[in-house]
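>>> Let me see the structure of the following:
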Amino acid sequence: MVNTKIIAIASHKGGVGKTTTAATLGSLLSSQGKKTLLVDLDAQRNLTSTFMGTKFNPEMTLYESMSRKAPLAIYEVRDNLDIVPSSLDMGALDTVIASRIQRETILRDILRSLNDEYDWILLDCPSQMGIITVNAFTAANSIIVPVSCDAYAAEGLLQLIKMAEIVSSGLNPSLDIDGIIITRFHTRRSLDRMVEQDLREHYGDLVFPTKIRENATIVHAPIMSLDIISYDPKCNGAKDYAALLKEIEERLR
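Sure thing, here's the model as predicted:
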């Protein structure tokens, strides 16, 4: 998969816009004619629900592929956009594969079977820094980290960076953290400006210039089983993610 860009969208905590980022970037890329695959690695299956609805209950999910080497379950969302759904069973995957040899490379081996079928593969990681996230980091060539503007924004970020460094030093030498995204940003709230300043002072150019502003569409769209581009392409969130995608493409170029 030399020509495929595989991005792990990862965070040390929930509620930071990780799934929204995966869904929105996937929608934008596919609308540009780029063949895109979304992979839901989270047992909460929010990415799956966003595109397939809360009642979608497929017989085959990523769990079957990773736990017993079943064929990868790929479902078409729309033109140029496919998804590998998750299930509640993913919550037990760490235990199921704990004793398996080369358990850290299961996802990488699965994705290799796609043979450059996709331009982009976006991995929506769980918040826990366990073996599933290690699999994502081993399969990816890039990590993007959403960080929300709250009092504990940077909490655990060093742990994520340390895990990425461990993976890149052995399992995946081509892995890089290519950016930190500031999400849920309120322009008039002093805490948000303080968090942004702190992140830029500590991580410099690693923090993307574009910030994702908080807006109601980001909350409402998943309830309707839609990404925010499909729900309201003119909202602030859609505009921010479109600007962010241009920055991501420039960095990965």
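
>>> what about the host helix or strand of residue 121, average pLDDT?
Per DSSP states H and E, residue 121 falls inside strand 120-124. Averaging pLDDT along strand 120-124 gives 98.

>>> mind checking the SS state of residue 211?
At residue 211 the chain is in strand, as set by DSSP: H, G, I helix; E, B strand; the rest coil.

>>> contacting residues around it?
181, 182, 183, 185, 196, 240 (CB atoms under 8 Å, 6 or more residues apart in numbering). (Each C-beta comes from the backbone N, C-alpha and C, glycine too.)

>>> same thing with residue 105?
Counting by CB under 8 Å, 6+ apart, residue 105 has contacts 135, 138, 139, 171.

>>> so how far is residue 170 from it?
Look at residue 105 and residue 170: by CB to CB, to the nearest Å, they are 11 Å apart.

>>> Please apply the same query to residue 213.
39 Å.

>>> on that earlier part again, can you lay out the contacts of residue 105 as a markdown table showing neighbour count?
Putting these into a markdown table (neighbours: other CB atoms under 10 Å) gives the following:
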| residue | neighbour count |
| --- | --- |
| 135 | 29 |
| 138 | 21 |
| 139 | 26 |
| 171 | 17 |
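
>>> sorry, back to before: who has more neighbours out of residue 213 and residue 170?
residue 213 (18 against 10; other CB atoms under 10 Å).

>>> Give the other helices and strands that the helix or strand bottoming out on mean pLDDT in the chain contacts.
When each helix and strand of the chain is scored by mean pLDDT, DSSP states H and E, helix 216-223 comes last, with a mean of 84. In terms of contacts (3 or more CB pairs under 8 Å, 6 or more residues apart in numbering; DSSP states H and E), helix 216-223 is packed against helix 18-31, helix 46-52, helix 228-231, helix 236-252.

>>> Point out the most buried one among the ones you listed.
helix 18-31 (a mean of 25; mean count of other CB atoms under 10 Å).

>>> Need the residues that contact that one.
By CB under 8 Å, 6+ apart, helix 18-31 touches 9-11, 36, 38, 42, 46-47, 50-51, 77-81, 119-120, 122-125, 127, 144, 146, 181, 183, 212, 218, 222, 227-230, 237-238, 241-242, 244-245, 248.

>>> can you rerun that using 7 Å?
9, 11, 36, 38, 46-47, 50, 78-81, 120, 122, 124, 146, 181, 218, 227-230, 241-242, 245 (CB atoms under 7 Å, 6 or more residues apart in numbering).

>>> can you put the helices and strands packed on helix 216-223 in CSV and add distance to residue 67?
Below are these laid out as CSV (distance: least, CB to CB, whole Å):
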stretch, distance to residue 67
helix 18-31, 22
helix 46-52, 17
helix 228-231, 32
helix 236-252, 31
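
>>> mean pLDDT for these: which is lowest?
Looking at the helices and strands packed on helix 216-223, the bottom one is helix 228-231 with a mean of 91.

>>> Can you name every helix or strand that it contacts?
Packed against helix 228-231 by the contact rule (3 or more CB pairs under 7 Å, 6 or more residues apart in numbering; DSSP states H and E) you find helix 18-31, helix 216-223, helix 236-252.

>>> thought residue 237 was touching residue 216?
No. Counting by CB atoms under 7 Å, residue 237 does not reach residue 216; the two are 9.0 Å apart.

>>> quick revisit: okay, angle between the strand holding residue 121 and helix 236-252 too, please.
Here strand 120-124 runs at an angle of 120 degrees relative to helix 236-252 (axes from the mean of the first three to the mean of the last three CA atoms, to 10 degrees).
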